[in-house]
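Enquirer: here's my sequence, what's the structure:
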Amino acid sequence: MLYSNDQNISGSISTSISFAGIQFRVIENGVSDNRYIWIHGDEQTAKMALEDHIKSYPGKAFFIDCSEREVPFGPTKVDPNRIFSREGAIAALRKFKPGWNKTVLKAALDNLDYERDYFLVELFPENEGLLIALHNNFRGYNVKKELDNSRFSSIKRGQNPRDFIICTEESDYRKLEMGPYNVVLQDELPNKDDGSLSWAALKSNIRYINIETRLGWLSKQQKMLRFIEGMLN
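Expert: This is a model prediction of the structure:
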């Protein structure tokens, strides 16, 4: 459900939305089908990059209202980027609370299914707009870990493997691979859906982009975001 705060910030509109009790602040600037999301509260560089970007580029940006990676959910906590499918949500809910009562777990999953549909209607762009997610890494995660799920990849000499772009549309990949950044194409669903937003977007034929950089590398993430805007819009 979307709630308006009736605030104008430098010409932008600020609202909020709740997904299964998880709060998001929404900043809308101008008129555009593009959507942006920052979903992990501990990835502060991504937040700063998106806050800066939405001031200058039109679109709608979703900011999770949390400073931690996991968010409270009923009697447990969950990774908000692992509940975008029922299969993923089962694993996410059991990660920190393995001993669920079956009836209670089913009710929680049914509620997630219901609220997810409404949230994705608000989040997913129309008219072939882009959905751009911003993430940071600080535990050794890098593009090589995504190669098994990728149909094509373009790994650039001299680029840090922890800075890369994931896309789900081949036409977008073909444009982005011409640039200076590491990029992979993931346009085929995996055997096991982990509940991430990327797979939900792919199922709905949404042009999804993930910009992944090292935590603290703000200027790098800003440059990658501007590069994508220039190449794909």
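Enquirer: quick check: longest helix of this structure.
Expert: helix 102-123 (DSSP state H).
Enquirer: the closest residue to Leu232 other than its chain neighbours: neighbour count?
Expert: Of all residues not flanking Leu232 in the chain, Asp172 sits nearest, at 5.7 Å (CB to CB, 6 or more residues apart in numbering). C-beta: built from backbone N, CA, C; applies to glycine. Asp172: 21 surrounding residues under other CB atoms under 10 Å.
Enquirer: right, and Asp172 touches Asn210 too?
Expert: No: shown here, Asp172 and Asn210 do not form a contact pair, counting by CB atoms under 8 Å, at 11.7 Å.
Enquirer: now do the helices in this structure.
Expert: 44-56, 86-95, 102-123, 170-176, 197-203, 218-232.
Enquirer: tell me which of these lies nearest to Asn160.
Expert: helix 218-232 (8.5 Å; CB to CB).
Enquirer: which residues touch the residue nearest the centre of the chain?
Expert: Centroid-nearest residue in the chain: Ala133, 3.5 Å away (criterion: CA atoms, centre = their mean). By CB atoms under 8 Å, 6 or more residues apart in numbering, the residues touching Ala133 are 36-39, 197-198, 208-211.
Enquirer: can you tell me which of those residues lies nearest to Lys223?
Expert: Ile211 (10.1 Å).
Enquirer: which residues does Gly140 contact?
Expert: Arg162.
Enquirer: could I get the phi/psi values of the closest residue to Glu115 other than its chain neighbours?
Expert: Computed as CB to CB, 6+ apart, the closest residue to Glu115 that is not its neighbour in sequence is Ala20, at 4.6 Å. For Ala20, the backbone dihedrals (degrees, to the nearest 10) come out as phi 50, psi 40.
Enquirer: Ala20 reaches Asn111, doesn't it?
Expert: Yes: contact criterion CB under 8 Å: Ala20 and Asn111 qualify, at 6.5 Å.
Enquirer: which one's more surrounded, those two?
Expert: Counted by other CB under 10 Å, Ala20 and Asn111 do not tie: Ala20 has more neighbours, with 20 against 13.
Enquirer: tally of neighbours for Thr114?
Expert: No Thr there; residue 114 is Tyr. For Tyr114, using other CB under 10 Å, the count is 11.
Enquirer: what about it, distance to Arg82?
Expert: Relative to Arg82, Tyr114 is positioned 18 Å away (CB to CB, to the nearest Å).
Enquirer: just to revisit the earlier point, format the contacts of Ala133 as TSV; extra columns: pLDDT and distance to Thr15.
Expert: Converted to TSV, those look like this (pLDDT from 0 to 100; distance: CB to CB, whole Å):
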residue	pLDDT	distance to Thr15
Tyr36	99	14
Ile37	99	14
Trp38	99	16
Ile39	99	17
Leu197	98	20
Ser198	98	25
Tyr208	99	22
Ile209	99	23
Asn210	99	24
Ile211	99	24
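Enquirer: distance of Phe138 relative to Gln44?
Expert: 11 Å.
Enquirer: more neighbours, these two?
Expert: When neighbours are counted by other CB under 10 Å, Phe138 and Gln44 differ, and Gln44 comes out ahead with 15 against 12.
Enquirer: where does the prediction get shaky in the protein?
Expert: Across the chain, the ranges flagged by pLDDT under 70 are 1-10.
Enquirer: which residues are in contact with both of Phe138 and Gln44?
Expert: The contact lists of Phe138 and Gln44 share Leu215, where a contact means CB under 8 Å, 6+ apart.
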